[in-house]
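[1] using only what follows, build the 3D model:
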Amino acid sequence: MTKMDVFMEVAGQQYDVKKVTAKVEKEVTKKAKGEVKNLNIYVKPEDGKAYYTYKEGKNTVSGDITL
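    I've put the predicted structure just below:
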């Protein structure tokens, strides 16, 4: 696979998508019970946050991180 870096730029601010997803994954892994398989991330630069939701059976985790 080709090495890729993905950046999102909004209103003059640049965000490294790989760093944002890694930060969310780390946060969810701390809170979830067991392996995280299906994670949804919603990046909202105007709030300066990335919101996340994770649900596997009865194990539900949601929250946000600062970009």
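
[2] all the strands of this protein, residue numbers only.
    Assigned strands in the chain, in chain order: 7-10, 13-16, 39-44, 49-56, 59-66 (criterion: DSSP state E).

[3] buried ones in stretch 24-31, by neighbour count?
    Neighbour-count burial for stretch 24-31, counted by 16 or more other C-beta atoms under 10 Å, picks out 24, 27-28. For the C-beta atoms, the positions are set from N, CA and C on the backbone; glycine is no exception.

[4] dump those to JSON lines, plus distance to residue 9 and pLDDT.
    Conversion of the buried residues of stretch 24-31 to JSON lines gives the following (distance: C-beta to C-beta, whole Å; pLDDT from 0 to 100):
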{"residue": "24", "distance to residue 9": "19", "pLDDT": "93"}
{"residue": "27", "distance to residue 9": "24", "pLDDT": "91"}
{"residue": "28", "distance to residue 9": "25", "pLDDT": "92"}
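
[5] dump the strands of the chain to a markdown table, plus distance to residue 33.
    Formatted as a markdown table, the strands of the chain follow (distance: least, C-beta to C-beta, whole Å):
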| stretch | distance to residue 33 |
| --- | --- |
| strand 7-10 | 31 |
| strand 13-16 | 29 |
| strand 39-44 | 14 |
| strand 49-56 | 9 |
| strand 59-66 | 5 |
